[in-house]
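**Student:** Any chance you could fold what I've pasted below:
(4 chains)
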Protein chains: 2
Amino acid sequence: MKEQKNYAVSCQACSLNTLCIPHSLTDEEIDIVDTLVKRKNPIQRNRLVFERGDKFLSLYAVRAGAVKTYSVDQEGNESVIGFYLPGEMFGMDAIYSGKHPNTAMAVENAYVCEIPYNRLEELSGEIQNLQSHMFRTLSGVISSDQQLQVLLGKKTAEERFANFVLSLSNRYQKRRLSPTLFRLPMSRADIANYLGITPETVSRVIHRLQVSEILLLDGNDVQILDLHRLCQSAHGGIKAGMSKTTISAH
Amino acid sequence: MKEQKNYAVSCQACSLNTLCIPHSLTDEEIDIVDTLVKRKNPIQRNRLVFERGDKFLSLYAVRAGAVKTYSVDQEGNESVIGFYLPGEMFGMDAIYSGKHPNTAMAVENAYVCEIPYNRLEELSGEIQNLQSHMFRTLSGVISSDQQLQVLLGKKTAEERFANFVLSLSNRYQKRRLSPTLFRLPMSRADIANYLGITPETVSRVIHRLQVSEILLLDGNDVQILDLHRLCQSAHGGIKAGMSKTTISAH
DNA sequence: CGCTACCTTGATTTCGGTCAAGATACGTGG
DNA sequence: CCACGTATCTTGACCGAAATCAAGGTAGCG
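**Tutor:** So this is what the prediction gives:
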């Protein structure tokens, strides 16, 4: 339905996208970095990229399809940690302990790149720009995790879902895909789990947003009809916003 | 009440603690890193270390006291992002954009160190071990943010609070302080906000845990009476754990 | 000593969870 | 290409944990 066809990205495009390298590296430096990136065979839906406890050897980046990471507690409950779309990197949480603390699974058939970490670390020592870039990337993950933290701690089901759709929209836009018309690559259950709500609630929220003509869902295809009101929904909606916990600053 | 008196840590101890440098640096390297660390004047309770939007120049580490970071949404609601105890670093979320995305406030009178980031970045380029260490540190923040994400998405008020107390306990223990007897440096309101619940609920949870003789609270002084049962409370309590969302893997 | 900020406790409400059917879509094999 | 079985999604009725609302109580500070 959507233009899902720029799968066959060039190798250079891959490192440019996945490492999100800004304009700060020379062409020569980019070529060196490119030699690091290994493509992997296609990964079937529901197959693992790595599993909790696996030795950490590489960072990964999605080239096509979509990947989720999740943890499993002692009772076997799955907690979805994140979704990764083409051009996005994952596995950075494993640097700390040298083992992957979470499992990564393809939520739809996917291609991923592998970036051997020891080589990346070496190169970062040699190419100052690459080091800076890695610091920024890791910091960016921290920033967005913190925003998610606020989402999960303070927001209603509707706000969570609206924010989620907006996040996907932004991420697709960054990749030059339509920000208003795209596919949800993951199941309702995964979305619900990620947002800390139930699939039933996701369904009901979607229902409401469709009735309000804010968005349209046909299976997993979303169309955002009213971006403005979707943003409102994402930030407390029309419910006469007034401060609850005002700052305790002096 | 507790042994809160190893305030006057040596400068070397400061870099060792705050940067959490493992045994991987030589003494000479440690000395070099130490020259970076600047002490700051004491910061009064409720005074800011930096504010949202401030240019990012340095990372910070708590030397004594405690600091919280928080964001404020359009309606003026505060969201506490994290608490930082002596020996812990904060401000890493600002590397990404070059501006502090959140505000940092002393929750009690505090001393902090400042680590100029441009110098740290330069040194990381020269000292491979330092670079590795920075990568690990940033990754560690990502890991613990992800655990918090699960906490906020899936856990009950009691589990959240129990986990919070255990986290403090572990962090104090790491600093050679008692893991069973310590002070909560922040208000109930801040704890509640951080955990995504209300102060009333925090009060009620504390009440229950005291009745069960799991812990004892006198003002802000906590004593953990039954670590084992506190861990149980933190992980679903006695409520006959059985799997809800079993993994959808193949 | 009195004020203010913080904490606790109780009564009531509510959002979202749980349970239980159905409906729809999907992959597989005949 | 169609029929069947399984997954997933939706919808409804009911329930419960925690939020909200509303007093009080306590403690630290000028």
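**Student:** count of neighbours near residue A:35?
**Tutor:** Residues lying near residue A:35 (other C-beta atoms under 10 Å in any protein chain shown) number 11. Where you see a C-beta, it was placed from the backbone N, CA and C, and this is true even at glycine.
**Student:** per-residue confidence at it?
**Tutor:** Looking at residue A:35, its pLDDT reads 84.
**Student:** For the helix or strand hosting it, list the C-alpha coordinates in CSV.
**Tutor:** With elements taken from DSSP states H and E, the one containing residue A:35 is helix A:27-36. Provided in CSV are the C-alpha atoms of helix A:27-36 (Å, rounded to 0.1, in the frame of the first residue of the first chain):
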residue,chain,number,x,y,z
ASP,A,27,33.7,10.8,2.2
GLU,A,28,36.9,8.9,3.0
GLU,A,29,35.9,8.5,6.6
ILE,A,30,32.5,7.3,5.6
ASP,A,31,34.0,4.7,3.3
ILE,A,32,36.1,3.4,6.2
VAL,A,33,33.0,3.1,8.4
ASP,A,34,31.2,1.4,5.6
THR,A,35,33.7,-1.5,5.6
LEU,A,36,32.5,-2.3,9.1
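**Student:** What strands flank the next helix or strand after it, and is each parallel or antiparallel?
**Tutor:** As assigned by DSSP H and E, the chain's next helix or strand after helix A:27-36 is strand A:38-39. Taking DSSP bridges as the criterion, strand A:38-39 forms sheet pairs with strand A:103-116 (antiparallel).
**Student:** pull the CA atoms of whatever helix or strand comes next after the partner strand into PDB?
**Tutor:** Downstream of strand A:103-116, the first helix or strand assigned by DSSP H and E is helix A:117-126. What follows is helix A:117-126 as a C-alpha-only set of coordinates in PDB (Å, rounded to 0.1, in the frame of the first residue of the first chain):
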ATOM      1  CA  TYR A 117      31.400  -3.300  18.200                       C
ATOM      2  CA  ASN A 118      35.200  -3.800  18.900                       C
ATOM      3  CA  ARG A 119      35.900  -2.500  15.400                       C
ATOM      4  CA  LEU A 120      33.600   0.400  15.900                       C
ATOM      5  CA  GLU A 121      35.200   1.200  19.200                       C
ATOM      6  CA  GLU A 122      38.700   1.200  17.700                       C
ATOM      7  CA  LEU A 123      37.600   3.400  14.800                       C
ATOM      8  CA  SER A 124      36.000   5.800  17.200                       C
ATOM      9  CA  GLY A 125      39.300   6.200  18.900                       C
ATOM     10  CA  GLU A 126      40.900   7.100  15.600                       C
END
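**Student:** by contact count, what packs against the helix holding residue A:35?
**Tutor:** In terms of contact count using 3 or more C-beta pairs under 8 Å, 6 or more residues apart in numbering or on different chains; DSSP states H and E, helix A:27-36 is assigned the packing partners helix A:11-18, helix A:117-126, helix A:128-154.
**Student:** Which of the ones you listed sits closest to DNA strand C?
**Tutor:** Smallest distance to DNA strand C across these (C-beta to the nearest atom of the strand): 10.4 Å, for helix A:128-154.
**Student:** now, of the helices and strands packed on helix A:27-36, which is deepest in the fold?
**Tutor:** Highest mean neighbour count among those (mean count of other C-beta atoms under 10 Å in any protein chain shown): helix A:128-154, with a mean of 20.
**Student:** hmm, that one touching DNA strand D?
**Tutor:** No. On the criterion C-beta under 7 Å from any atom of the strand, helix A:128-154 is out of touch with DNA strand D, staying 8.9 Å away.
**Student:** Follow the chain on from that helix and name the next helix or strand.
**Tutor:** Assigned by DSSP H and E, the successor of helix A:128-154 is helix A:157-174.
**Student:** which residues sit against that next one?
**Tutor:** Helix A:157-174 is touched from outside by A:85, A:87-88, A:151-152, A:155, A:178-180, A:182, A:184, A:191, A:194-197, A:201-202, A:204-206, A:208-209, A:215, A:222, A:224, A:227, A:230-231, A:233-237, with contacts defined as C-beta atoms under 8 Å, 6 or more residues apart in numbering or on different chains.
**Student:** Around DNA strand C, pick out the residues from chain A.
**Tutor:** Proximity of chain A to DNA strand C (C-beta under 7 Å from any atom of the strand) is limited to residues A:156-158, A:196-198, A:200-201, A:219, A:248.
**Student:** Any of the residues you listed buried? List them.
**Tutor:** The neighbour count (16 or more other C-beta atoms under 10 Å in any protein chain shown) marks A:157-158, A:196-198, A:201 as buried among those.
**Student:** CA atoms only: put stretch A:76-83 into PDB for me.
**Tutor:** Extracted in PDB, the C-alpha atoms of stretch A:76-83 (Å, rounded to 0.1, in the frame of the first residue of the first chain):
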ATOM      1  CA  GLY A  76       7.300 -15.300  31.600                       C
ATOM      2  CA  ASN A  77       5.600 -12.000  31.000                       C
ATOM      3  CA  GLU A  78       6.900 -10.200  28.000                       C
ATOM      4  CA  SER A  79       7.700  -6.500  28.200                       C
ATOM      5  CA  VAL A  80       8.200  -4.700  24.900                       C
ATOM      6  CA  ILE A  81      11.000  -2.200  25.300                       C
ATOM      7  CA  GLY A  82      11.200  -0.700  21.900                       C
ATOM      8  CA  PHE A  83      10.400  -0.900  18.200                       C
END
